[in-house]
Every structure is written in structure tokens, then in C-alpha cells.
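S.K.: Provide a 3D model corresponding to the input given below.
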Amino acid sequence: MEHPLLVLAFDKFRGSLTQAEASEAAEKGVRRALPEAEVVILPCADGGEGTVEAILAACGTGRKRYTCSVTPPLGIPGKESIEASFAVLSGEDGVRTCVLEMCAASGLSLVPEDRRDPMSASTYGTGQMIRAGLDLGCRRFLLGLGGSATHDGGIGMAAALGYRFYDRQGNFIPFPKGSDLPELGSIRTDEADPRLRNSAFTACCDVDNPLCGPSGAAAVFGPQKGAIPEQIPKMDEGLAHLAQILTETGMQDCREQPGVGAAGGTGFGVRAFLGGELKSGIDAVLDAAKADDILRKADLLLTGEGKMDIQTVHGKAVAGLLSRAERFGVPVIGFCGILEDGAWGLYDRGMIGMFSISDRPMGKKDAFLRAKALLEKQVYSAVTLWYRSKTQKRRK
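M.R.: Got it, this is the predicted structure:
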């Protein structure tokens, strides 16, 4: 093991380090510990913010960035707009792929904290982004579902693509949102954009929640989006009603499929309205980067994110990396700013070590300012320990 191959795949440390900055700090730590090591950096994202950047980094040439005007989550079409960025990739087979992040058009970060209400938010802007991709000739779509402000089951997105929604009295709903779900009476599909039938959609998500129930979209993610406890039952009933209406319309009822509860039920909307599939965000990014070709030769994988907790265990990027590394018997060490008890389940998934980068009690501001140096230092220590352990075993 004179020249070990170490692979780095770091997600962002929210508020302190971007993916690129975290990887840079980790690489410095590796170089200090093993100057002769070969280091490969893999892009890392789970379907939320940073997915477009990760895919672009993975794909190299044949890529271009675009922007389009879309309606923000609480906006009114034609009256309010923001610019949303997405990417287009040129495929080897001549088919263009549009890579989008839902959070760019319908994200929670676009709504001030004092105005957050998932019942008032719509995914209409996400549909407008998809339409912009169709206009550019794209027929494959990779949509990251993380970080949304919405809870409308994807009906806003579908409306922007030509689906027509009516309430129980037969009144047309031009701009549907979460609060319209319980009052839906019918859906017309005949005016849906015909290009959708010749397009393939993959939604990237990092959760496995069904649409409804105690582990569904409303119960689990509603509070994160600003919902108060009294709203949760009505939100859940609204999504169940949507599923029933779609069944009556002759469309697929996939409410129990893992992941359809993502982004306030937009995972369900992608399946029902777009005929799309759901895929782990990290798997989509790793496939684009041809990670298997790298990992099968790797000696160690280093990964990390801002906080490791029970959510990390159940489907976030780090868990996806562990599953991929396990295929090739590659040991994994994880780093984070906050290490919660719930993260111990990662050891059951193959992690050989987890480390918080904090070296002493400190406030949030100090931790953010020192994050890069702290990560470099902790990586240096962990890699030194790993390498010495490996070489000592070989000597015996």
C-alpha cells in the first residue's frame, strides 16, 4: 500500500462549507498525512441544493447552464417572477438531458420565515422550469426534490404543464396550491403538454416516505415547512384526496411507493403526472460520475456533511455512499460538524469511523469560521490512524 487511493465525496456543511470547500479541506488533510497518496474527488449531492453543480462537475464536457423566469412558491403567475437556474447536458445518443433543482423555483429558502405556510405554496414554478427544458429540446429530465416549500402533491407543477384542475363545484383552478387539495373535484388531462409523452423523468430524492399517514409528507415534513400542528391532518387528507381523484381519472395510484412523499408529495406528482421514476439523488450523481469505476480501485472513502443524525441513516447522501462503497469492500470514514446519537446506525451500514470536527466547546459563529481548518485537522488525524493501522497489520 505504498500509494493508496483515497476517494473524497463531501456534501456541504450548511452555513460554513460548500461541497468544493469541504473537499478541498479534506484533501489538504490527506496530503499532510499521506503525501504520496492518490486522491480522487467525487461530486456528492442527494437531490437538494447542489445537485445541479454536482452533476455538472461529474459530466465534464457537453454541458450548459440556463436560466428562466418562474413564479416563486407564494407568487402569482404573471405578476411575480424570479430567475431559476438549471443545466442541460448533451447525451452521447443525441438526447438532451435537463437537470433541475426544485428548490431553485419552489424552495423553502425563497420564502421568508415569517411567511412560510406549505398550504399557500405552489410547485407551479417547478413546472415552468420543466417547460423551459422542453422548449430547449430536452427529453430527459433529472429533477432534484430537496428543499421545497410546498405541499401540493405536484398539482402546481402539473398545471404549468397543461393539466387542468377543477374544484367540487366545477370551477377552474388556474394556479393550484396545497390548500386546493381537499376541494379538488376533477382533473382534465387532454390539454397536458404533448411533449411529456415522449420525455423521461427521474426525480432524485433522499427520503423513502409514502404519500400519507404517520410517516407521510404532512406528518414528517409539514412542520419543517412552517405548518402548525392543526394543519397536519388536513394536509394529509388533501394528499389522500388527490390520490383518490387520480384513481378515478384512471391514472396510477402510487401513494404507498417509497419516496412519493418527498417535497410535499411532489414525488407522487412526478410519478402520476409525468410517468416518472424515483431514484436516490446520490445514486444519480454517482452514476453520472461513473463512481463505480473509481471505487472498485479505492482503498478508503472519506465523506461528510454538516450534521449526521437519524436522517443521515435513512437515505441521505452519506448513506448512499456507504451502500455504493460496500459493493466494492471500501471502508468509509465520515466527518461532520454535529454528530447526533441517531447517526450510530451508520456503523451498521459499514462506516468504520465517524468524527465531529470540533476540537473544543465553541459557538456557532466560531465553528463556521474555523470549519475548513477543523476539517483538515480531523481528516489528517483519521487518515494517519487508518494508514498506520493498515501498515502495522501488514508487518505482523
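S.K.: Low-confidence stretches in the protein?
M.R.: Across the chain, the ranges flagged by pLDDT under 70 are 1, 60-61, 315, 393-396.
S.K.: residue ranges for the helices of it, please.
M.R.: Counting by DSSP state H, the chain has helices at residues 19-33, 51-59, 103-106, 124-135, 155-160, 217-221, 232-249, 262-274, 281-288, 291-295, 310-313, 317-327, 364-395.
S.K.: Save those helices as TSV, and put in mean neighbour count too.
M.R.: The C-beta positions use only the backbone N, C-alpha and C, and glycine is treated the same way. Shown next, in TSV, are the helices of the chain (neighbours: other CB atoms under 10 Å):
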stretch	mean neighbour count
helix 19-33	21
helix 51-59	23
helix 103-106	29
helix 124-135	25
helix 155-160	30
helix 217-221	23
helix 232-249	19
helix 262-274	30
helix 281-288	25
helix 291-295	18
helix 310-313	19
helix 317-327	22
helix 364-395	16
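S.K.: would JSON lines of these with distance to residue 184 be doable?
M.R.: Output for the helices of the chain, formatted as JSON lines (distance: least, CB to CB, whole Å):
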{"stretch": "helix 19-33", "distance to residue 184": "39"}
{"stretch": "helix 51-59", "distance to residue 184": "30"}
{"stretch": "helix 103-106", "distance to residue 184": "19"}
{"stretch": "helix 124-135", "distance to residue 184": "16"}
{"stretch": "helix 155-160", "distance to residue 184": "8"}
{"stretch": "helix 217-221", "distance to residue 184": "16"}
{"stretch": "helix 232-249", "distance to residue 184": "5"}
{"stretch": "helix 262-274", "distance to residue 184": "13"}
{"stretch": "helix 281-288", "distance to residue 184": "29"}
{"stretch": "helix 291-295", "distance to residue 184": "42"}
{"stretch": "helix 310-313", "distance to residue 184": "31"}
{"stretch": "helix 317-327", "distance to residue 184": "35"}
{"stretch": "helix 364-395", "distance to residue 184": "43"}
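S.K.: Quick check: closest non-adjacent residue to the most centrally placed residue in the chain.
M.R.: Closest to where the C-alpha atoms of the chain average out (CA atoms, centre = their mean) is residue 47, at 1.9 Å. In space, not counting the residues next to it along the chain, residue 47 is nearest to residue 281; the distance is 2.8 Å by CB to CB, 6 or more residues apart in numbering.
S.K.: Just list the residues touching that neighbour, thanks.
M.R.: Residue 281 sits next to 45-48, 51, 144-146, 204-206, 317, 320 when contact means CB atoms under 8 Å, 6 or more residues apart in numbering.
S.K.: Now the two most distant members of the residues you listed.
M.R.: 145 and 320 (14.6 Å; CB to CB).
S.K.: and residue 345, how many neighbours?
M.R.: 15 (other CB atoms under 10 Å).
S.K.: Skip the chain neighbours and tell me the closest residue to it.
M.R.: residue 313 (4.0 Å).
S.K.: isn't the one you found right next to residue 347, touching?
M.R.: No - between residue 313 and residue 347 there is no contact under CB atoms under 8 Å: 9.8 Å.
S.K.: any common contacting residues for these two?
M.R.: What both residue 313 and residue 347 touch, as defined by CB under 8 Å, 6+ apart, is an empty set.
S.K.: coming back round to it: in terms of contact, does the residue nearest to the centre of the chain touch residue 145 like I think?
M.R.: Yes - between residue 47 and residue 145 there is a contact under CB under 8 Å: 5.3 Å.
S.K.: overlap in contacts of these two?
M.R.: 203, 204, 205, 262, 281.
S.K.: Redo those residues as JSON lines? Include distance to residue 269.
M.R.: Putting the shared contacts of residue 47 and residue 145 into JSON lines (distance: CB to CB, whole Å) gives the following:
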{"residue": "203", "distance to residue 269": "9"}
{"residue": "204", "distance to residue 269": "14"}
{"residue": "205", "distance to residue 269": "12"}
{"residue": "262", "distance to residue 269": "10"}
{"residue": "281", "distance to residue 269": "17"}
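S.K.: which of those lies closest to residue 118?
M.R.: residue 262 (13.4 Å).
S.K.: residues touching that closest one, list them.
M.R.: Residue 262 makes contacts with 47, 145, 146, 203, 205, 206, 207, 209, 217, 278, as judged by CB under 8 Å, 6+ apart.
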